[in-house]
Structures are given as C-alpha cells and as structure tokens.
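Enquirer: Give the three-dimensional model of this entry:
(2 chains)
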Amino acid sequence: MATPHDTLEAVGAGLDALDAPVASHRAPVWQRFLKTGVPPLVAFALLLGVWQGLWASAILPEFQLPSPLSVWNELVSSISSGEAFGILWTSLHRAVFGFIAAVLIATPLGLLVAKVRVVRAAIGSLLTGLQSLPSVAWVPAAILWFGVTPSTIYFVVLMGSVPSIANGLVAGIDQIPPLLPRVGRALGAGRLASARHILLPAALPGYLAGLKQGWAFSWRSLMAAEIIATSPQLGVGLGQYLHNGSSLNDINMVIAAIFLILLVGIGIELLLFRPLERAVLRARGLTGAL
Amino acid sequence: MTATLETSVARSTSDTAVALSGVSKVFGHGSSAVAALDGVDLRVKPGEFVCLLGASGCGKSTLLNLVAGLDSPTAGSIELSTSRPAVMFQEPALMPWLTASRNVELALRFAGVGRADRRRQAGELLELVRLGDVAGKRPHELSGGMRQRVALARSLASTLASGDAPGLLLMDEPFAALDAITRDVLQAELLRVWETTNTAIIFVTHDVREAVRLGQRVVLLSSRPGRVVREWSVDGVTDSVAVLDEINTHLREVISGHAS
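Expert: From the prediction side, this is the model:
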C-alpha cells in the first residue's frame, strides 16, 4: 500500500507532467521557408510586375521611369566590371567602423544616463531630442568644421546612431522588472556583480533593439552624408554613386543605387540582427512575435 | 557576510539562530511617518520552522527585509548566528535568460563558490527539489510550481553555500500565487527539504491552515504597526481543528480592531 508521502510524490510528478508548458517543435526547413521566405518573394515579383506594366503603358518618359530590365543591366554591368564591389566596400566599411565607434560611445553613455540621476536629468531629453533631429542637418556644419573629409562623414554617422543606441540601452534598463535586481541583492550580489550578471543581461532585448535602430540610423546618415559631401578625396561610395547618377541624368544608375542601398540594409537586418534578436527572445520564451 | 553580522555571531548564543529585540521600523518622517513595526521581539532556534501570520499591513514583509539585511531597523537590534539568510518571494523571480541550473549556479557564484563546485552543488540542489531532469530548461519552459521549486533550490544554494553556520530561509508568502493542488504538494516538498537540510525557516503567510500545517510555532502579528500579539506552539498538535479555530478567532479580532 502506498504511504501518504508516496501518493503526494506521485501527485507532484503528475502535476509537473501536466503543468509544464508543451515544448513547440520547430517546423522543417522547407515549411519555414514556405511561411517566411515565399511571401516576400511573391510581393517582390508583384512589385516588378506593376513596374513593368507601368513602363509598358508609357505614361512616363523613359528618362523618368526605366524598364526593370535596363536597371538590371546597369546593375549587372557595374557588378561585372567590379565597380559595384568597390562602391559597396567604400560605404560598408565606413558604416561598420562608424557603427562600432557609435556602440563604444553610446554604451557607457547609456549606462550613465540610465543609472546616474543627475546625468539623466541633464542630458536625457537632449538625447531623445537628437533622435528626432535628422542627422543630415549636421552635414553643413560638419563640412565647415572638418572640410569634405572622412571626418565629416563619420561625424554625421555618429550623430545619427549614438542617440538611438544610448536610448535603447536606457529603455532596456528602465524596463527591467525591479524584482530581479532585488533578488540579486538578496542573493548577496555587489553593485558590479549585479550589473554584470543581472542588469546587463536583463536589458539585452532593449539594447539589441537600440543597436538595430542605431545601425539603420548610421546607414541612412552615411548615405545622406555621402550624397551631399562628394569629393575625389572621399572616393566613390553608394551615396556618391547615386549623386553621380543624378548629375548624369541617368535614371538607371539612380535606381540601381537605391536598390543597392536597400539591399545592404535588408541584408544586414536578415543576416545579423534578426538571428541575434531571435536567439535572445527565444531564450526568454518571448516567441509571440516570431 | 558583512562585518556587522560577524560581530553578532560572536555575541549570540548557540541555541538562537535569529534574535530580534525591540525592533521598530518607521517609514517616512514627521507627520507622514508610518510605523510598520513596533517593538517586535522574536527568537528563532537553529533549524526551527516559524510561521509569521498576519493580515495586510502587519509589516510581515518589512520584518523579512530587516532580517535579510535588505533594510535596517529604526530601533532595536537583530542578531543572526546563521549563514547569510536567503529570501524567497511570492514570485519565483528567476532570471528568464538562464536555465534552471544556471539560476541556482548564479546564487552560488554570488556566494563565492568556485566554478566546478557550482555545477555539482546546483545539480544536487535541483535533485533535492526533484528537478534534476529539467536542469537544462529555461523558466518559461517550466510550470509555476516547478519555477517556485527552482527558486527554493536557489535560496538554499545562497544560504547553505555562504558559510559553515546553519542556514536561514526567509519566505514571503512563497506559495500564495499557486493553485491549491500545487500549493499542497509544495508544502509537503518544503517540509521534506526542511527536514533534510536542517535550515531555520521564517515563513510569512496570511493563511492560518498553511501556518499550522508547516510551522512548529505560529506567531500572530497585529497590523499598523506590526506587533507580536500571541504565539502558539503547533509542533505535534493532535487536535488541529481546535488550534485552527483559536488562531482564526484571534486573527479576526486583530483585523476587526481596524474597522473603526
């Protein structure tokens, strides 16, 4: 005969089996591709179809609306001549360096604003305000200060991305449930240990959102700076390529440039930020939006 | 362990784990001051299970925070001869990005345990609360009762690893948010764990049944300010219905005293 203790143990084991959330199985690769890969491809094909139709109806003259094929030819020729890689490299390495510098500046800045009351009172709203200031507004000033040099471009990129990253970190820290640091204190964590093992990991989703936005801002700031600040000294980046297309009245080149700019933006999002964000959210069981 | 705690260890006698004498706590200043605790005397023996019973506003949580060292009393003294006390809250408050095992290991890390020992001790503690086979799962993959058991293992890790002195667990209505069946099972688990580890426990609850079932001693606190009204030794009580009735009557008296 089972003792009361054994019975309770069995009840406990039964509860564990019943109450534990059912682990969801990941669908096979082809199913996931069908769900997430096909819709954007279909949308893109539709867009191409509309474009082709508009061009065929000849409402707009050829120098305003080229055919998809002629833009494609422009892209292919610039890629096969190797020009496209040079242009992409020039812009991408600037964006990446600028972004890394922005992370290095914005992270301690965000920590200061989040944790030191005086600093928050002093520059908290300025930081939020800077986020709504288009960073292209800094270009004229930067040209006057630094001339048409890489410094100008990096300055504009930093002014664009630092506020986003810092604000993301601040938001991430503000949204930490107060119970977690309290538990840390109850477990005997010092200030430093608490920051490293509780505050930073807990703020990670917000920080990551800030990084993502910071990248987007640094990329678009870079494009703005490159379009306005052009000189032989700076070489040809995507912005200059776009600028050249406009100067030459070459609509094919202009649309090819826009396409490349978009491609980089989407590529970095898909290859870097989305997998990172998914991994972080999945580990916390925040899979609602995935 | 802080320096103040170490001096108190030297002074206290070995048959007392926790000694509160004349502890008062006032929040705020001047006319807006609120007295949460007023002259509370309480002694807990090593390995003893004491339940603090009281309605809302009796300063139960304040008392636990004071004993845990998260807050300091306005007057009176608190002496501990245990290792660093561990607190368990109503919510499990596990770190959502860490597995069950890592959550327990985090407490051991804060207690200064080396890497290799952390792994082993965390595994043993999870076995103790019967969660050895879900050590690699994250909190969102566990049920509410399982999470609270991980929190129990984490608290035990914190208090048992931080010194050779016997442990002290402070529990702030840890089962209040669970359903009745799970609560019943967890109460039995807690008793089993308590008997295995010989840890002193101060358990705050507003449930008379729970207090009588778990505790060796039930201490009734009044509300605003919190004072010790009465206490009952309920260890090995045969007629638990009579005791429940008696304690219930007193609890109701304390609460209805605030009606005016």
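Enquirer: What strand or helix carries the residue of the stretch 151-290 of chain A found nearest chain B?
Expert: Sorted by distance to chain B under C-beta to the nearest C-beta, the residues of the stretch 151-290 of chain A start with residue A:285, at 2.6 Å. No exception for glycine: its C-beta is placed from N, CA and C like everyone else's. When secondary structure is defined using DSSP states H and E, no element contains residue A:285, which sits outside every helix and strand.
Enquirer: That one contacts residue B:139, doesn't it?
Expert: Yes: counting by C-beta atoms under 8 Å, a contact exists between residue A:285 and residue B:139, whose distance comes to 7.3 Å.
Enquirer: Can you give me the neighbour number for residue B:233?
Expert: Neighbour count for residue B:233, taken as other C-beta atoms under 10 Å in any protein chain shown: 11.
Enquirer: looking at it, it is touching residue B:215, isn't it?
Expert: No: counting by C-beta under 8 Å, residue B:233 sits too far from residue B:215 to count as a contact (9.2 Å).
Enquirer: Around chain B, pick out the residues from the stretch 151-290 of chain A.
Expert: The stretch 151-290 of chain A has residues A:177, A:179-180, A:182-189, A:193, A:197-198, A:201-202, A:204, A:280, A:283-285 near chain B, with proximity defined as C-beta under 8 Å from any C-beta of the partner chain.
Enquirer: buried subset of those?
Expert: For these, burial is judged from neighbour counts taken by 16 or more other C-beta atoms under 10 Å in any protein chain shown, and it is met by A:180, A:182-189, A:197-198, A:201-202, A:204, A:280, A:283-284.
Enquirer: about what we covered before: for the residue of the stretch 151-290 of chain A closest to chain B, give me its contacts.
Expert: Applying C-beta atoms under 8 Å, 6 or more residues apart in numbering or on different chains to residue A:285 gives the contacts B:96, B:138, B:139, B:140, B:141.
Enquirer: For the first one, grab the count of nearby residues.
Expert: As a burial measure, residue B:96 scores 17 neighbours (other C-beta under 10 Å).
Enquirer: Identify the residues contacting it.
Expert: If a contact means C-beta under 8 Å, 6+ apart, then residue B:96 has A:283, A:284, A:285, B:138, B:139, B:140 as its contacts.
Enquirer: What residues sit buried inside the host helix or strand of residue A:141?
Expert: Applying DSSP H and E as the criterion places residue A:141 in helix A:139-146. With burial defined by 16+ other C-beta under 10 Å, the residues of helix A:139-146 counted as buried are A:139, A:142, A:143, A:146.
Enquirer: ok, for the first one, nearest residue in space, not its chain neighbours?
Expert: Beyond its immediate neighbours in the sequence, the residue positioned closest to residue A:139 (C-beta to C-beta, 6 or more residues apart in numbering or on different chains) is residue A:228, lying 4.8 Å away.
Enquirer: How many residues are close by that neighbour?
Expert: Applying other C-beta under 10 Å, I find that residue A:228 has 18 neighbouring residues.
Enquirer: That one and residue A:243: what is the separation?
Expert: When C-beta to C-beta, to the nearest Å is the yardstick, residue A:228 and residue A:243 sit 8 Å from each other.
Enquirer: Is residue B:54 in contact with residue B:226, as I believe?
Expert: Yes: applying C-beta under 8 Å as the test, residue B:54 and residue B:226 come out as touching, 6.8 Å apart.
Enquirer: Provide a list of residues in contact with residue B:139.
Expert: Counting by C-beta under 8 Å, 6+ apart, residue B:139 touches A:285, B:92, B:94, B:95, B:96, B:98, B:100, B:103, B:147, B:150.
Enquirer: which phi and psi does residue B:38 have?
Expert: The main-chain torsion angles of residue B:38 are listed as degrees, to the nearest 10 and equal phi -140, psi 110.
Enquirer: Report the buried residues of the helix or strand that contains residue B:120.
Expert: Counting by DSSP H and E, the element that carries residue B:120 is helix B:115-128. Under the neighbour-count criterion of 16+ other C-beta under 10 Å, helix B:115-128 has B:118, B:119, B:121, B:122, B:125, B:126, B:128 buried.
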